[in-house]
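Here is a sequence with its predicted model. Questions after.
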Amino acid sequence: MRTKPYFLYFTFLVILFHIFPISPAGAVNKIMPLGDSITLGAASGVADREFQVSYRKELWDMLKAAGYVVNDELFVGTQTSGTSVPDFDPDHEGHDGWRADQIVDGHIRFPLEGKLDEWLTAAEPNIVLVHIGTNDISGGDEDWKEVEDLLEVIDDYEFTSGKAVWVILSRIIERSCDPYLPPCPKSPQTNSFNNNVEDFVFFPRQAGGDKILLVDMQTGAGIDYPFWTQGGDMANELHPFETGYTKMADLWFTALMEILPQADAGPDQIVFDEITLDGSLSDHPDGETISYQWQLNHRENSDFNRNATGINPTVSDLKKGFYDVTLIVEDDEGRTDTDRMFFSATGPKGDFDFDGDVDEHDLSVFGEYYGLTE
């Protein structure tokens, strides 16, 4: 038997597939991380801005693993930090030292950086992650109404562009201080600000049907507020250390899973010259309608590539060989997810077990012969 050579060939193709994954065409998710230096990643234990990634790198890795990164695009914004970090999209709208009102109106000292309505028009996000208010509290002029003003700018963008935007609004993180002298300075103000944002911004908008979620970074992310040198998750009074940012990323990711479609391309298969694809386990947690696009790419001859649509399409006249399959699901607001499977096609049906008939057992024999298992 020639099992070993074909098994090595198959192994090589699988490795090749994982190293050079297919990049599906179509809509992409556009997530705008919006806030201040915490979103930027300043003072997080890394001095060089080219390596400051905040929660964004960890979140990127989780979303990429789940199929939400298409063509290395995900985050949007006019600012960049973390540009020297490989396999990462460094775009964001984290503005060091800015208050909520400056996000809305622009900063008098940095007029060229623009303001929120301009950033939205340029980037066209379909999701905005909002963590803002730390600098407002530091200056003693925190006001939940300015967070409402910020969300109204997003409302205006939705109206003028005709594009829906999900907002994930955060209760901002606490501050760090001497653990033996609680509470931390400004901690009561942080708690009051978060409560007001939740009560007077989030709840009314949620009741009114807005596309909005609330995440509790203050206590729900599990951040330990002593400095990292004391075993905690904070780099300084205001900014998390790497471990704290990782916990923020976990909570953002959990919230995103409540609004993003989820693709499932079904199991790998061995078939003759026809396959029925199965995307029925794909889902949308928000109950929105999703569309299904399938790309079937023959590994040896692109002339044999095929496309299909629908939940359970049947594709016929397949040529012998390996096909890499990408399922792209997209909801009616342009958010996407991808999943992949592969199948091997024998070509026309054959009596591979030489028992006088053609049935599913022939596929098993074919799979064993070529080092494949169902």
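Cool, the structure landed.

List the contacts of the closest residue to W252 other than its chain neighbours.
Excluding the flanking residues, the one nearest W252 by C-beta to C-beta, 6 or more residues apart in numbering is L59, at 5.3 Å. All C-beta atoms are positioned from the backbone trio N, CA, C, and that covers glycine. For L59, the contacting residues are A249, W252, F253, by C-beta atoms under 8 Å, 6 or more residues apart in numbering.

Which pLDDT value goes with L59?
pLDDT recorded at L59 is 97.

which residues of the protein fall in strands?
Taking DSSP state E as the test, the strands found in the chain are 31-35, 79-80, 91-94, 127-131, 166-171, 212-216, 269-271, 275-276, 290-298, 306-309, 314-315, 321-331, 336-345.

Distance-wise, check the residue nearest to W252 relative to H298.
According to C-beta to C-beta, to the nearest Å, L59 and H298 sit 35 Å apart.

do W166 as well
Distance, W166 to H298, by C-beta to C-beta: 37 Å.

who has more neighbours, those two?
A side-by-side neighbour count of W166 and H298, using other C-beta atoms under 10 Å, places W166 first with 23 against 18.

what separates the more buried one from N126, distance-wise?
Distance, W166 to N126, using C-beta to C-beta: 7 Å.

which residues are common contacts for those two?
Residues touching both W166 and N126 by C-beta under 8 Å, 6+ apart: E333.

show me the contacts for the residue most central in space within the chain.
The geometric centre of the chain, computed from its C-alpha atoms, lies nearest to L63 (C-alpha atoms, centre = their mean), at 3.6 Å. Neighbour list for L63: N29, V69, L74, F253, L256 [criterion: C-beta under 8 Å, 6+ apart].

which one of these is nearest G287?
Nearest to G287 out of these is L256 (C-beta to C-beta; 16.2 Å).

correct me, but that closest one touches I127?
Yes: L256 lies in contact with I127 (C-beta atoms under 8 Å); the separation is 7.2 Å.

and for these two, which residues touch both?
Counting by C-beta under 8 Å, 6+ apart, the common neighbours of L256 and I127 are I31, I168.

all helices of the chain, in order?
3-19, 37-40, 56-65, 100-105, 116-123, 134-138, 144-161, 187-197, 203-207, 242-256, 360-369 (DSSP state H).

most tightly surrounded among these?
Looking across these with neighbours counted as mean count of other C-beta atoms under 10 Å, the highest average goes to helix 37-40: a mean of 26.

by contact count, what packs against that one?
Contact analysis of helix 37-40 by 3 or more C-beta pairs under 8 Å, 6 or more residues apart in numbering; DSSP states H and E lists strand 91-94, strand 127-131 as its packing neighbours.

And the contacts of that helix?
33, 43, 49, 52, 54-56, 79, 81, 92-97, 129, 131, 134, 172-173, 238-240.

Leaving out the residues flanking it, which one is nearest to D89?
Nearest non-adjacent residue to D89, counting by C-beta to C-beta, 6+ apart: F75, 4.6 Å away.
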